[in-house]
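S.K.: Got a predicted model here, sequence first, then my questions.
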Amino acid sequence: MTSEASQSQDLVQRISGQDQAAEADLVNKYERGLKLILFKRTGDAQLAQDLCQDTFVIALRKLRAGELRNPEALAGFLRQIAVNLTIEHYRKEKRYVSQDDGIISLRTPHIEQKSAAIDREASRAILDSALEDLAQPRDREILRRFYLHDEDKSNICNALQLSAAHFDRVLYRAKQRMRQMLQEQPELKSMLLGTLTND
């Protein structure tokens, strides 16, 4: 058995024996690595911190109950809990638009962190007004319905008589034109697009 595996086994045994010092040792040993994993997956330092704490809460409960059958796999056990929590977090969102998408992501935490002065309703109002500058009526409609009114894709497809594939193409082109418009209005862009530069 390697030294790392031996240490993991010892930690698990001590925690299952209700050793509180071992619980503190677990956090000290794995907290930094888990935060890095979670930050890579979320891009949000505060969310990573919250999910890391939740990971330890769940892990300690399971370890106390003796649910980890292979103590040598402790690191992987913790990582899987963290990944599952991240997935569940975004599943609870009605819709999560990733940073890579490059278009408005009103439901991510980034907007609130980037500009505390702009609350959610104000952001919606700004976006709604910005959409009026788009030349194509269908661009305005599909972006407004999808991003502001939170309509399901299937409902929008039915209303606009689009197939799912056609919807994706129309939405993509609408977002491209929206991006172009925002490039010409940097102040508006900074208010609507969440970034991590100052987090």
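M.R.: That came through, no problem. Numbers count the residues shown, from 1 in each chain.

S.K.: In the protein, mark out all the strands, start to finish.
M.R.: Remark: strands of the chain are absent; assignment by DSSP state E.

S.K.: How is it partitioned into domains?
M.R.: 3-92, 99-192 (automatic domain parsing).

S.K.: And stretch 5-21, what's buried?
M.R.: Residues Q7, S8, L11, V12, R14, I15, S16 are the ones in stretch 5-21 that count as buried (16 or more other Cβ atoms under 10 Å). All C-beta spots, glycine's among them, are computed from the backbone N, C-alpha and C.

S.K.: My guess is the second one contacts L74. True?
M.R.: Just to be clear, that refers to S8. Yes - counting by Cβ atoms under 8 Å, L74 is a contact partner of S8 at 4.0 Å.

S.K.: Please convert the buried residues of stretch 5-21 to CSV, extending it with distance to I58 and pLDDT.
M.R.: Output for these, formatted as CSV (distance: Cβ to Cβ, whole Å; pLDDT from 0 to 100):
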residue, distance to I58, pLDDT
Q7, 21, 83
S8, 17, 84
L11, 16, 87
V12, 15, 90
R14, 18, 91
I15, 13, 91
S16, 15, 87
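
S.K.: Check the residues you listed and tell me the two furthest apart.
M.R.: Q7 and S16 (15.1 Å; Cβ to Cβ).

S.K.: and the longest helix for the chain?
M.R.: Ranked by residue count and defined by DSSP state H, the top helix of the chain is helix 20-42.

S.K.: related to what we said a few turns ago, relative to R41, which of the buried residues of stretch 5-21 is nearest.
M.R.: Scanning the buried residues of stretch 5-21 for proximity to R41, where the rule is Cβ to Cβ, the winner is S8, at 23.1 Å.

S.K.: need the contact list for that closest one.
M.R.: P71, E72, A73, L74, A75 (Cβ atoms under 8 Å, 6 or more residues apart in numbering).

S.K.: what about this protein, any weak spots by pLDDT?
M.R.: Applying pLDDT under 70 to the chain picks out residues 1-2, 93-127, 185-199.

S.K.: tell me the contacts of the residue positioned nearest the centre of it?
M.R.: The centroid of the chain falls nearest to T42 when counting by Cα atoms, centre = their mean (4.5 Å). With contact taken as Cβ under 8 Å, 6+ apart, T42 is in contact with A48, L51, T86, H89.

S.K.: One more pass at 7 Å, please.
M.R.: For T42, the contacting residues are A48, T86, by Cβ atoms under 7 Å, 6 or more residues apart in numbering.

S.K.: so how far is D152 from it?
M.R.: Distance, T42 to D152, by Cβ to Cβ, to the nearest Å: 25 Å.
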